[in-house]
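**Student:** Following is a predicted model, sequence given first.
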Amino acid sequence: MRIVILLLGFLLAADFHLQSISPAIDAGTTLPQVTDDFDGVTRPQSIAYDMGAYEFDFGAPPPPEDLPPTVSIQSPTDGAIVARKSQVTIRATFQDDIGVTSANYLVNGQPLPCGGVVTLCAWVVPNPPNKAYDITVQVRDTANNIGSAQVSVRSSK
């Protein structure tokens, strides 16, 4: 029962409109009695009907992409003590509904040299004892939305 409810919740929140690269475009069966889709878009929009409840509308602007990426830092954990002069691997996960274009790793606001879209970044902990550091991972998507996560760590005594 729980699986069905979760599945229904997912299906109710899902968007089944076709994307511009969908193989379902022009791959449907012509049904003369069906003249438009669920949104009222006239069928067909191209050389043939599209598969599914929605016809891809070539003239419609793409829907706005306004959801930022989700970001999580797996390690180090928030509140961790990190050894001075040690190399710490910052491990992050991130995802976006459209696509991620960059991931930036920062310690106390200063960028680390880990470019591109990597999920791991090395940081050498400075020598001062018992110092607080804020580690931030900022991720940008194709629409320039930014998602971020932060943990705080402290160097050993």
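**Tutor:** Alright, I've got the coordinates.

**Student:** show me what contacts the residue nearest to the spatial centre of the chain?
**Tutor:** Closest residue to the average C-alpha location of the chain: D96 at 1.3 Å, with CA atoms, centre = their mean. Taking CB atoms under 8 Å, 6 or more residues apart in numbering, we find D96 in contact with 67-70, 139, 141-142, 145, 147. Heads up, the C-betas are built off the backbone N, CA and C, glycines and all.

**Student:** Need the per-residue pLDDT for it.
**Tutor:** We note a pLDDT of 89 for D96 in this prediction.

**Student:** next one: I21
**Tutor:** The score at I21 is 84. That number is its pLDDT.

**Student:** tell me which element it falls in.
**Tutor:** I21 is located outside every helix and strand, with elements delineated by DSSP states H and E.

**Student:** Make JSON lines out of the contacts of D96 and add secondary structure.
**Tutor:** Shown next, in JSON lines, are these (DSSP: H, G, I helix; E, B strand; the rest coil):
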{"residue": "L67", "secondary structure": "coil"}
{"residue": "P68", "secondary structure": "coil"}
{"residue": "P69", "secondary structure": "coil"}
{"residue": "T70", "secondary structure": "strand"}
{"residue": "V139", "secondary structure": "strand"}
{"residue": "D141", "secondary structure": "strand"}
{"residue": "T142", "secondary structure": "coil"}
{"residue": "N145", "secondary structure": "coil"}
{"residue": "G147", "secondary structure": "strand"}
